[in-house]
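>>> After the sequence you'll find the predicted model.
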Amino acid sequence: MILDHISHSIFYKAINEKVDQALEYIQKTDFENLDTGTHVVDGEELFFNLIEYETKNAEDRFWESHKKYIDIHYILEGKECIGHELFERMNIKNPYNEQDDYFLLEGSLNSKEQLHPGDFMICYPQDVHMTGIMVDGPEKVRKIVFKVKL
């Protein structure tokens, strides 16, 4: 897991060609007038979902991880906490969903990070994450989640 502000993205150059492409795309794109939904950048290799939701208590959220894609969460508006834990420390709640590339897991919320506009979090397959956790109270979050194929 990597957490930083997009202004520091140069420090993560060369981790992965598609991650580089996603971080560059974030810096060069005005997301203001884009509709929610899926936006293709490079076919199934690189795309993002623009989503909006209201943050909630952690008890009302869920743990997930992926096998085929790296997630890059980038906050456009609002703030949220994202819980994180290693896959090995969790229990699989539902079998892997091949079609939508996700595991649903169960476990304790021992670590979480607060993200504000301009912050990004890179989650690899071993990084189980719980998004949409409220900071001070419920609030609207608008963000993009890049999917980078491994």
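On my side now, so go ahead. Just so it is clear, the structure is predicted and the values come from calculations on it, not from any experiment.
>>> Contacts only, for the residue nearest the centre of the chain.
Nearest residue to the geometric centre of the chain (C-alpha atoms, centre = their mean): residue 73, 3.1 Å. Residue 73 makes contact with 82, 115, 120, 121, 123, 129, 131, 143, 144, 145, according to C-beta atoms under 8 Å, 6 or more residues apart in numbering. Placement of C-beta: from N, CA and C, glycine included.
>>> For those, give me TSV that also has pLDDT.
TSV is the format used below for the contacts of residue 73 (pLDDT from 0 to 100):
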residue	pLDDT
82	98
115	98
120	98
121	98
123	98
129	98
131	98
143	98
144	98
145	98
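>>> out of the residues you listed, which one sits closest to residue 13?
Residue 13 lies nearest to residue 120 out of these, by C-beta to C-beta, at 13.8 Å.
>>> what sits against residue 71?
By C-beta under 8 Å, 6+ apart, residue 71 lies in contact with 121, 122, 123, 129, 145, 146, 147, 148.
>>> Can you give the strand pairings for the helix or strand hosting the last one, parallel or anti for each?
Read that as residue 148. Here residue 148, judged by DSSP states H and E, is contained in strand 140-149. When pairs are called by DSSP bridges, strand 140-149 turns out to pair with strand 46-54 (antiparallel), strand 69-77 (antiparallel).
>>> Beyond the one helix or strand residue 96 maps to, next helix or strand please.
Element membership for residue 96 (DSSP H and E) is strand 91-97. Downstream of strand 91-97, the next assigned helix or strand under DSSP H and E is strand 102-106.
>>> Neighbouring strands - and their directions - for that next one?
Neighbouring strands of strand 102-106 in its sheet, by DSSP bridges, are strand 63-65 (antiparallel), strand 91-97 (antiparallel).
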